[in-house]
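Give me the fold of what follows.
(2 chains)
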Amino acid sequence: MVQYKLIYYPVRGLAETTRLILHYANVPYEDKHISFEEWPNMKTTTPFGQLPILEVDGKPLAQSFAIARFLAKKHGFAGKDDWESAQLDAIADFMKEDITTECRSYFMARMSCGEGDKDELHNTVFKTSMEKNMPVLEKLLKESGSGFFAKSGVSWVDFYIASFIETFERLIPSVMSVYKDLLKHKETVYALPQLKKYLESRPKTQF
Amino acid sequence: MVQYKLSYFPVRGLGEVSRFIFHYANIPFEDNRIGGDDWQKYKSETPFGQMPVLEADGKVLAQSFAIARYLARKHGLAGKDDWESAQLDSIADLLKDFNTELRPYFGIIMGHSKDNKDEVYKTVFKPTLEKNLPILEKLLKDSGSGFFAKSGVSWVDFHVASYIETLEGLGPDVVANYKEITKHKAKVYALPQLKKYLDSRPKTQF
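I've put the predicted structure just below:
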């Protein structure tokens, strides 16, 4: 049996998608947490000086989406065919580039680890991004009709988006409360029976 | 036969990787280069208000890497197996992170930012290249094939080569220090399947 080790900080962040995949598929793995203090010492041992890393029988794979897509494909939830997989890739990349990367300065300010005035960034960066981009995601959900982003059912992209919607909701519930379909999507994902045990036992983290 | 149309601005940017795939695999496609008013008219029809967009028999796919990966998989340019494909995906996403780090400098070049170009070249452009190009060179060395995948050429070679072409234009002195990545670009651009396209395509800064 393949030995999986997922290495990341003790937060949900970019690794939660993979943790959800492995729990959903009932695949055993070592969930290794590296503290922010320990990280500088191990940085040079990683392929790109970044986390998360997945070790598969000791061989490393970097980059959260490469990891998620690889595991999801192995276990049958990366879309039913290449076209659907590509559509899912597009949604994930849109979320990453246009939402989480664009809002990074805001999140850093909110979490007091970045420069910038959080109230100003809220209005200029975050609110603008949410108002432009959340409706796009809701439209995709509606077009799918399955309750998940792929017509064929749950995929790694549902796990990725649900985890970030959870983070956004915790940070700014007042902005997120209007996006009812996305909040419902998050609840649908979190109600999957295969995830129940993990969701009840995992550490609660802000992001 | 599938009717392909790739819509993108008249630059290399995020569209060139897919143009290379089509030309390398000798697949006919409509290379729809648009901008200005034509783009504004088309924009609301696109999934995310962005380009590139691929139409395959009229069905639409957005996002440069989703498009490139889809086409590459179809034409044997996405690694020999799922593990190698995943390694290639990770290198491509590293390039995205690399590009995000360079945004403050690109912003100045493209006229969105009024920050001081020489200052940002020193504080952002040069250090970011010095951090990331050695990583790419090590990956090439580990591969041993001259391409990023041990098994041979892939979509990621196309994307990296085009990106290095852009960086060379912006900072030739810095890029010149990285012989392996420069050699890689030359190797990709020497592929016979790309010759006709490379000889005829418009020359662009990005």
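
what residues are up against the closest residue in space to B:Glu84 that isn't next to it in sequence?
Closest residue to B:Glu84 apart from its sequence neighbours, by Cβ to Cβ, 6 or more residues apart in numbering or on different chains: B:Ala149 at 5.4 Å. Any C-beta I mention is one placed from the backbone N, CA and C, and that applies to glycine too. By Cβ atoms under 8 Å, 6 or more residues apart in numbering or on different chains, the residues touching B:Ala149 are B:Gly79, B:Lys80, B:Glu84, B:Gln87, B:Leu88, B:Ser143, B:Val156, B:Asp157.

Of the residues you listed, just say which sits nearest to chain A.
Proximity of the contacts of B:Ala149 to chain A (Cβ to the nearest Cβ) peaks at B:Gln87, which lies at 6.6 Å.

Check which element follows the host helix or strand of B:Asp157 along the chain.
When elements are assigned from DSSP states H and E, B:Asp157 belongs to helix B:155-170. Toward the C-terminus, helix B:155-170 is succeeded by helix B:172-175 as the next helix or strand (DSSP H and E).

pull the CA atoms of that following helix into CSV?
This file holds the C-alpha atoms of helix B:172-175, laid out as CSV (Å, rounded to 0.1, in the frame of the first residue of the first chain):
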residue,chain,number,x,y,z
PRO,B,172,18.9,40.3,-20.1
ASP,B,173,21.9,40.8,-17.7
VAL,B,174,20.2,38.8,-15.0
VAL,B,175,18.9,36.0,-17.2
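
in that helix, what's buried?
B:Val174, B:Val175 (16 or more other Cβ atoms under 10 Å in any protein chain shown).

Likewise for stretch B:177-189?
B:Tyr178, B:Ile181, B:Thr182, B:His184, B:Lys185, B:Val188.

Chain A next: which of these are close?
Among the buried residues of stretch B:177-189, not one lies near chain A by Cβ under 8 Å from any Cβ of the partner chain.

Where does B:His40 fall, secondary structure wise?
Slight slip there: residue B:40 is Gln, not His. Going by DSSP H and E, B:Gln40 is in helix B:36-43.

How about B:His23?
Short version, using DSSP H and E: B:His23 is in helix B:16-24.

and the residue most central in space within chain B, what pLDDT?
Centrality entry for chain B: nearest residue to the mean C-alpha point is B:His159, 2.9 Å, by Cα atoms, centre = their mean. What the model reports as pLDDT for B:His159 is 98.

check contacts around it.
B:His159 is in contact with B:Glu16, B:Val17, B:Ala68, B:Ala92, B:Leu95, counting by Cβ under 8 Å, 6+ apart.

and those as TSV, adding distance to chain A and neighbour count?
Listed next are the contacts of B:His159 as TSV, based on distance: Cβ to the nearest Cβ, whole Å; neighbours: other Cβ atoms under 10 Å in any protein chain shown:
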residue	distance to chain A	neighbour count
B:Glu16	17	24
B:Val17	13	28
B:Ala68	10	30
B:Ala92	8	23
B:Leu95	10	18
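
any chance of those in JSON lines, with pLDDT too?
Formatted as JSON lines, the contacts of B:His159 follow (pLDDT from 0 to 100):
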{"residue": "B:Glu16", "pLDDT": "98"}
{"residue": "B:Val17", "pLDDT": "98"}
{"residue": "B:Ala68", "pLDDT": "98"}
{"residue": "B:Ala92", "pLDDT": "98"}
{"residue": "B:Leu95", "pLDDT": "97"}
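
Among these, which one sits closest to A:Leu195?
B:Ala92 (29.0 Å; Cβ to Cβ).

Toward the C-terminus, what is the element adjacent to the helix or strand containing the closest one?
Using DSSP H and E, B:Ala92 sits within helix B:82-109. Next helix or strand after helix B:82-109 toward the C-terminus (DSSP H and E): helix B:117-120.

need the next SSE after that following helix, C-terminal direction.
In N-to-C order, the element after helix B:117-120 by DSSP H and E is helix B:126-143.

hmm, who's touching that next one?
A:47-49, B:91, B:94, B:98, B:101-102, B:105, B:146-150, B:160, B:167, B:171, B:174-175, B:178, B:180-181, B:184.

Just name the closest of the contacts of B:His159 to B:Asp57, please.
Out of those, the member with the shortest distance to B:Asp57 (by Cβ to Cβ) is B:Ala68, at 18.5 Å.

The strand or helix carrying that closest one versus helix B:155-170: what angle between them?
Assigned by DSSP H and E, B:Ala68 falls within helix B:64-74. Computed by axes from the mean of the first three to the mean of the last three Cα atoms, to 10 degrees, the angle separating helix B:64-74 from helix B:155-170 equals 140 degrees.

Please consider this matter closed, and thank you.
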